[in-house]
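>>> Task: produce atomic coordinates for the following.
(one chain, ligands or ions: 2)
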Amino acid sequence: MYHWHRVLHDTKSMSQEAVIASAPRVVDPDRMIHPDEARATIFRYLWRLPMERVSLREASWRVLAGDLVSSDDQPPFPAATMDGYAVVADDPSPWREIIGRQSAGYVADLEVSLGTAAWITTGAPVPSGATAVVPVEATELADDHVIVQQDRVAPGENIRPVGVDLAKGSLVLQRGSLLGAAEMGLLASLGVDPVEVARRPRVSVLSTGNELVEPDETPGPGQIRDANRFSLIAALQEAGANVIWAGRGPDDAVALRSSLIERIAESDVVITSGGVSMGDLDLIKPLLSELAQVHFRRVFMKPGKPFNFATSSDTLIFSLPGNPVSALVGFELFIRPALRRMLGASQIDRPRTRVRLDHTVRPSDRIEFQRGIVRVDSTGRLLASTTGPQASSRLASLVGANALIAVPPGVDPLPAESHVDAILVGPLATGDDEKDVDTTGS
Ligand code: AMP
Ligand code: MG
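Ligands and ions are numbered 1, 2, ... in the order given. Just a heads-up that it's a prediction; the model follows:
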């Protein structure tokens, strides 16, 4: 029932899994648990997504499924790093006869010896006999001769030896690497196409609530537009998921039940929003108890205290509260790392750092993840300020935020200058972003 077979076949994660296995199991799903325990519990049910082969063109920002060993030397031939003349190093001749040209892309039939030189361009193979390249700036041309105006031409100067960038047989990329710009270039230069990457998790998103209408509808009395489906889709895409279905359902037990059954059958991960609070129309909670095994329902945090985690066979089900900020904070803290872990990504977490508060912050009775902006000041210190009112309904508190500032529970306000932990969910701001931008074109 704990799917150990899915987790433990992955040897690379053994040590992490061993730690997690020793964590206490949640016996009572209604017990309020610490965010760390919530995460550890989720991680016990994760399994590794299988690999798939995709064409190199499709591989950007995917997660590499296996170690990549170089099949070639890079460069494959000794190559000039400058435009100039290929010569014999330490040749004492006062001038050298130019015996031909070697540009990039082919191999000219040239043999450089004492007293001779070959014109060569950057990236071209160094002709046989030549042991150095003199940059054109350090030479003077005299008819069909070249005079080297450099005291000494040392062996190997301005030549990239075979394999210096990448030696054949060396480990180029580790499994779990995210295929960004540099990684994609490496794959291309080694001729790796198709590429073996982790299959994307198939995720369904279900917004629940009688009050919800579509973004292109005009809400009637008491209605609002469904925001969560769209923010969750974006968050899922950023995390590397494949959103196979996204829809909306009323607070109706029969409709939600059949929708959930279908979504669980088709998805690796199901995410719902709304319907996990204490009201009698909060139907997700009882439905999860009926259709799945619920592991916990409440986390000691703000926002997002009602966070349900359940499994049904291999499918993971995360049920988020309806308030848009609560839903996204829950996603960021628990679902995103879980998806990255299933993908086998070597980096599953956002960076976490200590920051200095820029102003007084009022704590709550739970760990509060306040939305904030962390910036680097001119002395390199990290300063954090919050994004205004922190109501869990106020999506604007997340707009422009690059951090979740973890404010420990307490009674007394935390004064400015206090140090707290922050999770960086976006790039660091600099103190004076606007000033850096010159729009005058001058
Ligand atoms: P619930 O968790 O269902 O009790 O909803 C809590 C609050 O979030 C209520 O004010 C809902 O109207 C609101 N809410 C629920 N779902 C959504 C959604 N998909 N988009 C925007 N607001 C929502
Ligand atoms: Mg609701």
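>>> Can you find the helix or strand of this protein with the lowest average pLDDT?
Within the chain, no helix or strand scores below helix 4-8, which has a mean of 33 by mean pLDDT, DSSP states H and E.
>>> which bits of this structure sit near ligand 1?
207, 209, 211-212, 224, 226-228, 273-277, 321-324 (Cβ under 6 Å from any ligand atom). All C-beta spots, glycine's among them, are computed from the backbone N, C-alpha and C.
>>> Filter the residues you listed down to the ones in strands?
Ser207, Leu212, Ile224, Ser273 (DSSP state E).
>>> how about the nearest residue to the third one, chain neighbours excluded?
When you say that, I think you mean Ile224. Glu211 (5.5 Å; Cβ to Cβ, 6 or more residues apart in numbering).
>>> That neighbour: what's it in contact with?
Gly222, Gln223, Ile224 (Cβ atoms under 8 Å, 6 or more residues apart in numbering).
>>> quick one: pLDDT of the second one?
The pLDDT attached to Gln223 in the predicted structure is 98.
>>> and it, how many neighbours?
Residues near Gln223, counting by other Cβ atoms under 10 Å, number 14.
>>> mind checking pLDDT for whatever residue of the chain ends up closest to ligand 1?
Per Cβ to the nearest ligand atom, Gly322 is where the chain lies closest to ligand 1, at 2.4 Å. Listed pLDDT for Gly322 reads 98.
>>> measure it to Trp95 for me?
83 Å (Cβ to Cβ, to the nearest Å).
>>> These two: which is more packed in?
Using other Cβ under 10 Å, the more surrounded residue of Gly322 and Trp95 is Gly322, with 26 against 15.
>>> returning to that earlier point: surely the residue of the chain closest to ligand 1 meets Asn210?
No: look at Gly322 against Asn210 with Cβ atoms under 8 Å: they stay out of range, at 11.2 Å.
>>> quick one: which helix or strand includes the residue nearest to Val411 when sequence neighbours are not counted?
Counting by Cβ to Cβ, 6+ apart, Val411 lies nearest to Pro363, which is 7.3 Å off, once chain neighbours are set aside. Counting by DSSP states H and E, no helix or strand carries Pro363.
>>> who's in contact with the residue of the chain closest to ligand 1?
So Gly322 contacts Thr208, Gly209, Asn228, Ser273, Gly274, Gly275, Val276, Ser277 (Cβ under 8 Å, 6+ apart).
>>> Kindly recompute the last result at 6 Å.
Listed by Cβ atoms under 6 Å, 6 or more residues apart in numbering, the contact set of Gly322 reads Gly209, Ser273, Gly274.
>>> now swap in Gly176 and tell me
Going by Cβ under 6 Å, 6+ apart, Gly176 touches Gly344, Ala345, Ser346.
>>> which residue packs closest to the second one, ignoring adjacent ones?
So that's Ala345. Val63 (4.8 Å).
>>> which ones are touching the one you found?
Contact analysis of Val63 by Cβ under 6 Å, 6+ apart lists Val197, Ala198, Leu343, Gly344, Ala345.
>>> among the residues you listed, who's most crowded?
Val197 (25 neighbours).
>>> Next one: it from ligand 2, what distance?
Distance from Val197 to ligand 2, counting by Cβ to the ion, to the nearest Å: 37 Å.
>>> my read: that residue touches Trp61, true?
No: Val197 is beyond contact range of Trp61, at 9.7 Å (criterion: Cβ atoms under 6 Å).
>>> Please report the number of neighbouring residues for Pro221.
Count around Pro221 with other Cβ under 10 Å applied: 4.
>>> re earlier: close enough to count as contact, the residue nearest to Val411 and Gly410?
Yes: under the criterion of Cβ under 6 Å, Pro363 makes contact with Gly410 at 4.0 Å.
>>> Now for Pro363: which residues touch it?
Per Cβ under 6 Å, 6+ apart, neighbours of Pro363: Val407, Pro409, Gly410.
>>> Only alpha carbons, please: show the lengthiest helix in the chain as PDB.
Criterion DSSP state H: the longest helix present in the chain is helix 253-266. Provided in PDB are the C-alpha atoms of helix 253-266 (Å, rounded to 0.1, in the frame of the first residue of the first chain):
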ATOM      1  CA  ALA A 253     -21.400  15.200  -4.900                       C
ATOM      2  CA  VAL A 254     -22.500  13.100  -7.900                       C
ATOM      3  CA  ALA A 255     -20.800  15.300 -10.500                       C
ATOM      4  CA  LEU A 256     -17.600  15.600  -8.500                       C
ATOM      5  CA  ARG A 257     -17.500  11.900  -7.700                       C
ATOM      6  CA  SER A 258     -17.600  10.800 -11.300                       C
ATOM      7  CA  SER A 259     -15.200  13.600 -12.400                       C
ATOM      8  CA  LEU A 260     -12.700  12.500  -9.700                       C
ATOM      9  CA  ILE A 261     -13.000   8.800 -10.600                       C
ATOM     10  CA  GLU A 262     -12.300   9.600 -14.200                       C
ATOM     11  CA  ARG A 263      -9.400  12.000 -13.400                       C
ATOM     12  CA  ILE A 264      -7.800   9.500 -11.000                       C
ATOM     13  CA  ALA A 265      -7.900   6.800 -13.600                       C
ATOM     14  CA  GLU A 266      -6.200   8.900 -16.300                       C
END
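>>> Can you name every helix or strand that it contacts?
Under the contact criterion of 3 or more Cβ pairs under 6 Å, 6 or more residues apart in numbering; DSSP states H and E, helix 253-266 touches strand 242-249, helix 284-291.
>>> Nearest to ligand 2, out of those?
Nearest of the helices and strands packed on helix 253-266 to ligand 2, taken as Cβ to the ion: helix 284-291 at 8.7 Å.
>>> tilt between the very next helix or strand once past that closest one and helix 284-291?
Once helix 284-291 ends, the next helix or strand along the chain (criterion: DSSP H and E) is strand 293-299. Between strand 293-299 and helix 284-291, the angle comes out at 160 degrees (axes from the mean of the first three to the mean of the last three Cα atoms, to 10 degrees).
>>> strand partners of whichever helix or strand comes after strand 293-299, parallel vs antiparallel please.
As assigned by DSSP H and E, the chain's next helix or strand after strand 293-299 is strand 301-302. If you go by DSSP bridges, strand 301-302 pairs up with strand 367-376 (parallel).
>>> And the strand it pairs with, what's buried?
Residues Ile367, Glu368, Phe369, Gln370, Arg371, Gly372, Ile373, Val374, Arg375 are the ones in strand 367-376 that count as buried (16 or more other Cβ atoms under 10 Å).
>>> can I get the contacts of Pro363 in CSV with secondary structure, pLDDT and distance to Gln237?
Output for the contacts of Pro363, formatted as CSV (DSSP: H, G, I helix; E, B strand; the rest coil; pLDDT from 0 to 100; distance: Cβ to Cβ, whole Å):
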residue, secondary structure, pLDDT, distance to Gln237
Val407, strand, 98, 29
Pro409, coil, 97, 33
Gly410, coil, 97, 37
